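[1] coords below, sequence missing:
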């Protein structure tokens, strides 16, 4: 399962802009009253004012325009997330005499998509060692020392790209990091899928799919966060599978919170009182702890939006490294019996649906991963559904290339919660076998709703504005962009108001004949 990624076309001189709103919890929707009673510091009871933050001036120059030679500058953060005010260590390698760090908070900002929150003065450059690889697991890491520490005081919660610029003007690279929200109550939580980013990161020679020989036999059995991202000029999968949704959600001005899958695994209270949680475009690797905590939130009334496909497919485990806790993602897959953790009695690090402890993702999502690769039109079958309001879509309307590169479907051969409503059924052919992709809406006894798109290209399509058959975004056109943006806005607005299934229960149609493909 190899996926395309696209490049984005604390030192001296600190420049900080706060931009934090003062909205009280009582003004937020959902189960905010529960959070108000929690014993927490005052700043834990104050949410980011998304509209006020995005009214601040954006930065049009955040993108990388000078990639430079390989290894001219690159780096990684010592933590995938921090709370505002916590120090953030960086480990940077460069061939230049000096470099700077610019911290861009990603959002809408009138369409500019980023705001400069901090820029360092020149920091001394250091050429650090080449990658080190563990012989037993083929895990690559960067054995580097810390070169900078950033003071994140006043940084608003959100998704950030730190841009490294050599002072000679020759090279730039990104380092992604999340300034996570201290409280999710009453907010829609956007979850960065950092474990999946690492699973596909080949910096140092190997990822969880192939190694230096280019074959699966040489793949890594675990991957380290202690290294830069090789793809998207250091941004991992953020720019393709997450940034378009972040921009749309912030443009809507909804109460938002930010975290990562690693943080959800670590903290059983990370989703307490959340109105909704959003899984973004490619969110394949989950730990059992993350799945447990998301399931508990869903069953207590927190809505779940899955804006991709292949979600919660691989069972992984986080372990520490010399840099810190949870810096290694372990996933032996079909070689799980070789995993020392499994031999100690820990869960197998293979697919959730597989033996020895099968737990298909359909029990959480309603849909289940069905295959790769596909490229097919997305076909609307339930245009009257409230989630499609404003799209102008009619039954049978098709959006070329919107289903891909992986897809999910409803499959009653696996445990499937009900009631479940299929909104689109799109015929596909995967490796010569006919199948179909489903967009589905599920509601649960606790009042929560689950929306699953069934296609990995959904978030990418949010940025589609060009003509049909264009080269950008897999040929997705402006029609697909309008459709996905409208549906996503409907989902986000409804889910932000609290348990959507109470007022809008799913009308189960799984057994109904559905145009465009066979029933499950």
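    In hand now; what should we look at? The structure displayed is predicted, hence computed values, not measured ones.
[2] helices or strands up against the host helix or strand of residue 488?
    Assigned by DSSP states H and E, residue 488 falls within helix 478-496. Counting contacts by 3 or more Cβ pairs under 8 Å, 6 or more residues apart in numbering; DSSP states H and E, helix 478-496 packs against strand 188-192, helix 243-252, strand 276-279, strand 303-306, strand 398-409, strand 449-452, helix 458-461. (Glycine included, C-beta is placed from N, CA and C.)
[3] could I get those as CSV with mean neighbour count, mean pLDDT and distance to residue 224?
    Shown next, in CSV, are the helices and strands packed on helix 478-496 (neighbours: other Cβ atoms under 10 Å; pLDDT from 0 to 100; distance: least, Cβ to Cβ, whole Å):
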stretch, mean neighbour count, mean pLDDT, distance to residue 224
strand 188-192, 26, 98, 17
helix 243-252, 22, 98, 24
strand 276-279, 26, 98, 23
strand 303-306, 26, 98, 27
strand 398-409, 25, 97, 25
strand 449-452, 27, 98, 31
helix 458-461, 27, 98, 26
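[4] now for those, which one comes closest to residue 111?
    helix 243-252 (8.3 Å; Cβ to Cβ).
[5] and the angle from whichever helix or strand comes after that closest one to strand 188-192?
    As assigned by DSSP H and E, the chain's next helix or strand after helix 243-252 is strand 256-260. Put simply, strand 256-260 runs at 30 degrees to strand 188-192, going by axes from the mean of the first three to the mean of the last three Cα atoms, to 10 degrees.
[6] which residues sit against strand 256-260?
    47-48, 50, 80-81, 157-159, 178-181, 183-184, 187-194, 249-250, 270, 274 (Cβ atoms under 8 Å, 6 or more residues apart in numbering).
[7] Repeat that for stretch 442-449.
    So stretch 442-449 is contacted by 298-304, 365-366, 417-421, 441, 450-452, 494-495, 498-502, 504-506 (Cβ under 8 Å, 6+ apart).
[8] Cross these against strands and list the overlap.
    Among these, the ones falling in strands (DSSP state E) are 303-304, 420-421, 441, 450-452.
[9] between those residues, which is nearest residue 129?
    Distances from residue 129 to those, taken by Cβ to Cβ, are shortest for residue 304, at 42.7 Å.
[10] where does this protein dip in pLDDT?
    Filtered on pLDDT under 70, the chain yields the residue ranges 1-46, 469, 471, 512-520.
[11] which residue lies farthest from the center of it?
    Distance from the centre of the chain peaks at residue 97, with 34.7 Å (Cα atoms, centre = their mean).
[12] That one and residue 144, how far apart?
    18 Å (Cβ to Cβ, to the nearest Å).
[13] repeat for residue 54
    For residue 54 relative to residue 144 (Cβ to Cβ), the value is 35 Å.
[14] Quick one: classify the spatially closest residue to residue 321 that is not a sequence neighbour as helix, strand or coil.
    Spatially, and ignoring its direct neighbours in sequence, residue 321 is nearest to residue 327 (3.7 Å; Cβ to Cβ, 6 or more residues apart in numbering). Following DSSP: H, G, I helix; E, B strand; the rest coil, the label given to residue 327 is strand.
[15] contacting residues for residue 327?
    So residue 327 contacts 224-226, 318-321 (Cβ under 8 Å, 6+ apart).
[16] what sits up against stretch 358-368?
    Against stretch 358-368 from outside (Cβ under 8 Å, 6+ apart): 291, 294-295, 298, 304, 306, 311-313, 352-353, 369, 408-411, 414-417, 420, 438, 440, 442, 450, 452, 454.
[17] just the helices in this structure please.
    32-36, 50-54, 194-199, 238-241, 243-252, 261-266, 288-299, 340-343, 362-365, 458-461, 478-496, 500-503 (DSSP state H).
[18] Compare these and report which one is nearest to residue 110.
    Taking those one by one with Cβ to Cβ, helix 50-54 is closest: 7.5 Å.
[19] Could you save the helices of the chain as a markdown table and add columns showing distance to residue 63?
    Shown next, in a markdown table, are these (distance: least, Cβ to Cβ, whole Å):
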| stretch | distance to residue 63 |
| --- | --- |
| helix 32-36 | 37 |
| helix 50-54 | 18 |
| helix 194-199 | 19 |
| helix 238-241 | 9 |
| helix 243-252 | 11 |
| helix 261-266 | 26 |
| helix 288-299 | 31 |
| helix 340-343 | 40 |
| helix 362-365 | 34 |
| helix 458-461 | 17 |
| helix 478-496 | 20 |
| helix 500-503 | 36 |
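[20] Could you double-check that residue 153 sits in contact with residue 84?
    Yes - with contact defined as Cβ atoms under 8 Å, residue 153 counts as touching residue 84 (6.8 Å).
[21] higher neighbour count, those two?
    Ranked by neighbour count (other Cβ atoms under 10 Å), residue 153 and residue 84 place residue 84 first, with 19 against 14.
[22] what's the distance between the more buried one and residue 55?
    Taking Cβ to Cβ, one finds residue 84 at 19 Å from residue 55.
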